[in-house]
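A.B. asks: Okay, predicted coordinates and the sequence, questions at the end:
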Amino acid sequence: MIKAGVTGALGKMGTEVIKTIINNNETKGELALVMAVDKFKTGENVYGDVIIESDLEKALEANKPDVVVDFTQPSVVFENAKKYLNAKVRPVIGTTGLTMAQIEELKELSKANNTGCFIAPNFTIGAVLMMMFSKMAAKYFDNAEIIEFHHNQKKDAPSGTAIKTAQMMAEANSDFTTGNCPETELIQGSRGGNFTENGKGNIHIHSVRMPGFMASQEVIFGSTGQTLKIRHDSTNRECYMSGVELAIKHVYNNNDFIYGLENIL
């Protein structure tokens, strides 16, 4: 049985992860909740026998989880991740906002500690397929932009899913503004952020933050006389949980570093 912890245990995603772990324990007996960390309700028995703890390092030492799922905040996830790996606890990180430099540092730390690490901008199978399909389409279109929609409480922009999608598209095509005329923004930022990595990409990403959305993304490809739209919509948080379970099981059984759920599908 995999001993699992959750950091950000009282958040919307953390709550859903804990429900999934408890349900798995009751129906399959593969996972057991042994640790719940959050800055609120410290010491309370919110989830049966597992009390809420606020000190991550002490919680790791006391409970010795095999895997910790992190759905916290962009401002703390990097430091959290280093604590997991230095304690030789395998993290599954769903919190977005990590920079590529931070991801590379965690990759090196994972190798140094011989401890698996799983980072995924999105755990929804449909969203991962959207990214994979976009990479396929990128070979055939020289123009593309990304629009991502989230609720207005999301702190980072663009989303990790949009960044990962752009990275995958840039692997297949180096410039997605072929034939565009010179542009002048009359209002700064009206053309969105321009994703370029290692000189490749040039993909405009537009972030919408609005009540009523949960998480949606649309990738638009264009060429003379045609457009192709690839879109995914998440309407509840349950859709992430099958991917979270896959990640927990993979990182428990493997000491590799994974960035993106598509790598284990």
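C.D. replies: All right, it came through fine. Computed from a predicted structure; not experimentally measured.

A.B. asks: How many residues are close by the closest residue to Thr115 other than its chain neighbours?
C.D. replies: Nearest-residue entry for Thr115: Lys88, 4.9 Å, with adjacent residues in sequence omitted and distances by Cβ to Cβ, 6 or more residues apart in numbering. Placement of C-beta: from N, CA and C, glycine included. Per other Cβ atoms under 10 Å, the neighbour tally for Lys88 reads 13.

A.B. asks: Surely Asn114 is in contact with Asn255?
C.D. replies: Yes: using Cβ atoms under 8 Å, Asn114 is in contact with Asn255, at 5.5 Å.

A.B. asks: Which stretches in this structure count as strands?
C.D. replies: Residue ranges of the strands in the chain, as given by DSSP state E, are 2-7, 31-37, 52-53, 67-70, 90-93, 117-119, 143-150, 193-197, 200-209, 215-223, 226-234, 257-259.

A.B. asks: export those to a markdown table and tack on distance to Leu265, mean pLDDT and mean neighbour count?
C.D. replies: What follows is these, written out as a markdown table (distance: least, Cβ to Cβ, whole Å; pLDDT from 0 to 100; neighbours: other Cβ atoms under 10 Å):
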| stretch | distance to Leu265 | mean pLDDT | mean neighbour count |
| --- | --- | --- | --- |
| strand 2-7 | 20 | 98 | 25 |
| strand 31-37 | 20 | 98 | 23 |
| strand 52-53 | 33 | 97 | 20 |
| strand 67-70 | 19 | 98 | 27 |
| strand 90-93 | 15 | 98 | 28 |
| strand 117-119 | 13 | 98 | 27 |
| strand 143-150 | 21 | 98 | 22 |
| strand 193-197 | 23 | 96 | 16 |
| strand 200-209 | 23 | 97 | 19 |
| strand 215-223 | 18 | 98 | 20 |
| strand 226-234 | 15 | 98 | 15 |
| strand 257-259 | 11 | 98 | 20 |
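
A.B. asks: Turn these into JSON lines, including distance to Ala166.
C.D. replies: As requested, the strands of the chain are arranged in JSON lines below (distance: least, Cβ to Cβ, whole Å):
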{"stretch": "strand 2-7", "distance to Ala166": "28"}
{"stretch": "strand 31-37", "distance to Ala166": "32"}
{"stretch": "strand 52-53", "distance to Ala166": "37"}
{"stretch": "strand 67-70", "distance to Ala166": "23"}
{"stretch": "strand 90-93", "distance to Ala166": "19"}
{"stretch": "strand 117-119", "distance to Ala166": "16"}
{"stretch": "strand 143-150", "distance to Ala166": "6"}
{"stretch": "strand 193-197", "distance to Ala166": "4"}
{"stretch": "strand 200-209", "distance to Ala166": "5"}
{"stretch": "strand 215-223", "distance to Ala166": "9"}
{"stretch": "strand 226-234", "distance to Ala166": "13"}
{"stretch": "strand 257-259", "distance to Ala166": "14"}
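
A.B. asks: between these, which one is nearest to Ile125?
C.D. replies: strand 226-234 (9.8 Å; Cβ to Cβ).

A.B. asks: what does that closest one contact?
C.D. replies: Contacts to strand 226-234, defined as Cβ atoms under 8 Å, 6 or more residues apart in numbering, come from residues 124, 126-127, 129-130, 133-134, 137, 141, 214-222, 240.

A.B. asks: ok, which stretches of the protein are helices?
C.D. replies: Secondary structure of the chain, counting by DSSP state H: helices at 12-27, 56-63, 77-86, 100-112, 125-138, 160-172, 241-253.

A.B. asks: Point out the most buried one among those helices.
C.D. replies: Each of the helices of the chain was scored by mean neighbour count; the highest is helix 160-172, a mean of 23, by mean count of other Cβ atoms under 10 Å.

A.B. asks: Alpha carbons only: can I get that helix in CSV?
C.D. replies: What follows is helix 160-172, C-alpha atoms only, in CSV (Å, rounded to 0.1, in the frame of the first residue of the first chain):
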residue,chain,number,x,y,z
GLY,A,160,1.0,25.8,-16.9
THR,A,161,-1.1,23.9,-19.4
ALA,A,162,-0.7,26.7,-21.9
ILE,A,163,3.1,26.9,-21.4
LYS,A,164,3.4,23.1,-21.7
THR,A,165,1.3,23.1,-24.9
ALA,A,166,3.5,25.9,-26.4
GLN,A,167,6.6,23.9,-25.5
MET,A,168,5.3,20.8,-27.3
MET,A,169,4.2,22.8,-30.3
ALA,A,170,7.6,24.5,-30.5
GLU,A,171,9.3,21.1,-30.7
ALA,A,172,7.5,20.5,-34.0
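
A.B. asks: Many thanks, we can stop here.
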